[in-house]
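Asks: kindly generate the corresponding structure for this input.
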Amino acid sequence: MDYDDISGIIFFPESGSAESRAPISYRNLFSAYLELPIALKEMIEWCASVPYGVSTRFDPFFNANYWKLFHSTILIERIIGESEICSGSLGPCAQCGYVPWHHNMVRRKAWIRQSLEEMIGDKDVVAGYAQIIDAAYDLRNKLAPCASV
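Replies: Numbering: from 1, shown residues only. Below is the predicted model of the structure:
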């Protein structure tokens, strides 16, 4: 393997011949990655670590499609973020110390739509993306009852 030019490994064959691609040094690429803000590094790591082909047999406890969906919703949460936590969220229980899950000022579906509108602008495209993201969250939450709402 030529670590001074990893372009043939990280691009699909459809991206053109090796002669038409600019060489990419693994050392330079990794150095640039190390300089990124932690939040961006985490998004890249989530994106790069999607568990493709984890299991080829049916496994109700570790279905690869569910884990891909779950992974994608977490990546979307990292990219879009969440609205401000409501100051009325309950604090820890005085008796046992348990801290209940907080709630946000803007409901998740509205926050996602608002964030998409700010990033994209085109209302039709936003509606399409929001519908797919909402369906993914709804499916994830049905399969994982402890997931946030």
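
Asks: check the residue located most distally from the centre of the chain and give its pLDDT.
Replies: With distances taken as CA atoms, centre = their mean, the residue sitting farthest from the centre of the chain turns out to be Gln95, at 36.6 Å. Predicted confidence (pLDDT) at Gln95: the value is 87.

Asks: what does Ala127 give?
Replies: Reading off the per-residue confidence, Ala127 sits at a pLDDT of 91.

Asks: need the residue closest to the centroid of the chain.
Replies: Nearest to the chain centroid, counting by CA atoms, centre = their mean: Leu75, 0.7 Å.

Asks: look up which helix or strand that residue falls in, please.
Replies: helix 64-80 (DSSP states H and E).

Asks: lowest average confidence, helix or strand, in the chain?
Replies: With mean pLDDT, DSSP states H and E as the measure, the helix or strand of the chain carrying the lowest mean pLDDT is helix 7-10 (a mean of 69).

Asks: next structured bit after that one?
Replies: On the C-terminal side of helix 7-10, the closest following helix or strand by DSSP H and E is helix 26-34.

Asks: mind listing residues that contact the helix or strand that comes right after that next one?
Replies: Read in the C-terminal direction, the helix or strand following helix 26-34 is helix 38-48, with elements assigned using DSSP H and E. When contacts are defined by CB atoms under 8 Å, 6 or more residues apart in numbering, helix 38-48 is touched by residues Tyr33, Leu36, His71, Ile74, Leu75, Arg78, Ile79. Where you see a C-beta, it was placed from the backbone N, CA and C, and this is true even at glycine.
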